[in-house]
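Participant: Got a predicted model here, sequence first, then my questions.
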Amino acid sequence: MDLRLKECRFIDAFSVRIFVIYHFGHRSAWVGRLNTTPKPFYWERPGKTLSTIIDGKAFSANLRSEIARKIALLKQNHSLTPGLAVVLVGEDPASQVYVRSKGKQTTEAGMNSYEHKLSAETSQEDLLQLIDQLNSDPDVHGILVQLPLPEHIDESLVINSVAAEKDVDGFHLSNVGKLATGAEGIVPCTPLGSMMMLKHHLGDLSGKKAIVVGRSNIVGKPMAALLLKESCTVTIAHSRTRDLPAECREADIVIAAVGRPEMVKGDWIKPGATVIDVGINRIEKDDGGTRLVGDVEFETASAVAGAITPVPGGVGPMTIACLLHNTLQQACRINGIEVPE
Ligand code: GUN
């Protein structure tokens with residue numbers, strides 16, 4: 001039944017009405033409402049998901065098992081074990097959770113994990129010295145300095161002190177420049193994971209209209225560069241964008257990366273569009289507890305979109321999987337070895 005409703009969303013309002021009355025009768029038909037803005041008309045049923053859910057948890061589990069298989073081959077054929085060093089400065093609770101999760105998934109994939117936990121008072125000089133040491137350590141192929149850093153440390157200086165070939169975050173200016181110019185470099189993990197899911201779901205993206213809501217260096221800007229590389233027509237929207245809902249309604253692909261809970265509503269989405277929700281926001285529930293939500297209002301958007309990533313279980317799990325992917329790639333590149341097939 002859902003499938004047929006989905007198909008009829010794209011025909012005119014009159015046909016939708018006839019279809020619904022024919023199948024459900026007058027009394028039970030109007031459990032939703034006919035939305036006539038934006039055009040074309042579409043059928044909106046609150047609480048009912050009509051879109052394909054893009055399952056990032058399953059996708060990332062697949063990717064991680066592929067990475068583990070390739071690492072086993074690398075060990076067997078070249079006696080090479082990729083190594084990832086993660087540096088955490090301070091005790092930010094969210095960062096501690098991420099770092100623990102990265103360490104666990106790194107070892108599960110068969111890589112060496114090196115964790116460096118430094119106090120919040122660590123001087124910039126000491127941090128730079130540790131990075132120097134990791135840069136010249138042949139067992140370390142990827143270095144990630146967890147952000148944000150304490151205020152007394154210059155984030156940009158630290159990011160650019162990591163050797164470009166070990167910068168598995170893809171934040172070093174050399175990698176940013178490569179991505180911007182379409183050269184081969186290291187791509188930031190969250191945009192890379194989002195792009196993998198988009199291509200898996202849509203295939204060729206060429207000619208599609210894409211909007212990236214958010215202009216951060218970590219997600220918004222690299223995501224826009226990746227979409228451009230795939231020959232999309234790309235809009236980058238931000239806090240000063242005029243009539244953001246209207247801009248979103250034009251897009252075949254919506255990437256929400258603003259960090260504002262449930263900001264993108266269902267009536268901002270073109271029927272059938274693909275929605276990638278990068279946001280992870282913890283909000284309070286009525287009963288005093290908390291829950292995670294994205295930057296997209298899932299309930300309304302999933303009634304309109306063709307496909308959508310959930311939160312949690314969408315983009316989030318892909319980020320660490322792509323970190324492992326980047327580390328494997330760099331371990332091979334640094335050692336002049338082809339990545340195993
Ligand atoms: N903090 C939040 N996300 C990230 C990330 O992708 N990389 C690093 N280094 N720090 C982060």
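Facilitator: Received, thanks.
Participant: Can you report how many residues neighbour the residue nearest to Ile269 when sequence neighbours are not counted?
Facilitator: Spatial nearest neighbour of Ile269, chain neighbours left out: Val304 (4.6 Å); criterion: CB to CB, 6 or more residues apart in numbering. C-betas here are computed from N, CA, C, even on glycine. Applying other CB atoms under 10 Å, we find 25 residues neighbouring Val304.
Participant: Buried residues of stretch 265-276, list them for me.
Facilitator: Neighbour counts over stretch 265-276 (16 or more other CB atoms under 10 Å) mark 266-276 as buried.
Participant: how about Leu144, what does it touch?
Facilitator: Counting by CB atoms under 8 Å, 6 or more residues apart in numbering, Leu144 touches 84-87, 102, 168-169, 323.
Participant: try 7 Å this time
Facilitator: 84, 86, 168-169, 323 (CB atoms under 7 Å, 6 or more residues apart in numbering).
Participant: What of Lys178?
Facilitator: With contact taken as CB under 7 Å, 6+ apart, Lys178 is in contact with 184-185.
Participant: hang on, it is in a helix, isn't it?
Facilitator: Yes: assignment of Lys178 by DSSP: H, G, I helix; E, B strand; the rest coil places it within a helix.
Participant: can you tell me how far it sits from Lys102?
Facilitator: Relative to Lys102, Lys178 is positioned 24 Å away (CB to CB, to the nearest Å).
Participant: Please enumerate the helices of the stretch 201-341 of the chain.
Facilitator: For the stretch 201-341 of the chain, the helices defined by DSSP state H, counting those that start in this stretch occupy 220-229, 244-249, 298-301, 315-334.
Participant: do you know how far the nearest residue to His238 once chain neighbours are set aside is from the ligand?
Facilitator: Of all residues not flanking His238 in the chain, Arg215 sits nearest, at 4.6 Å (CB to CB, 6+ apart). Per CB to the nearest ligand atom, to the nearest Å, Arg215 is found 16 Å from the ligand.
Participant: so Arg215 touches Val234, yeah?
Facilitator: No: using CB atoms under 7 Å, Arg215 makes no contact with Val234, being 11.8 Å away.
Participant: Tell me which of those two has more neighbours.
Facilitator: Comparing Arg215 with Val234 by other CB under 10 Å, the one with more neighbours is Val234, at 21 against 18.
Participant: Is that one bridged to anything, and to what?
Facilitator: The partner list for Val234 in beta bridges (DSSP bridges) reads Ala210.
Participant: quick one, domains of this protein?
Facilitator: According to automatic domain parsing, the chain comprises the domains 2-44, 81-186, 187-316.
Participant: Out of these, indicate the one that is most buried.
Facilitator: domain 187-316 (a mean of 20; mean count of other CB atoms under 10 Å).
Participant: related to what we said a few turns ago, residues touching the residue nearest to His238, list them.
Facilitator: Contacts of Arg215 (CB under 7 Å, 6+ apart): 221, 236, 238.
Participant: I'd like these as JSON lines, with pLDDT and distance to Leu134 appended.
Facilitator: Converted to JSON lines, the contacts of Arg215 look like this (pLDDT from 0 to 100; distance: CB to CB, whole Å):
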{"residue": "Lys221", "pLDDT": "98", "distance to Leu134": "26"}
{"residue": "Ile236", "pLDDT": "98", "distance to Leu134": "33"}
{"residue": "His238", "pLDDT": "96", "distance to Leu134": "35"}
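Participant: Alright, that wraps it up for me.
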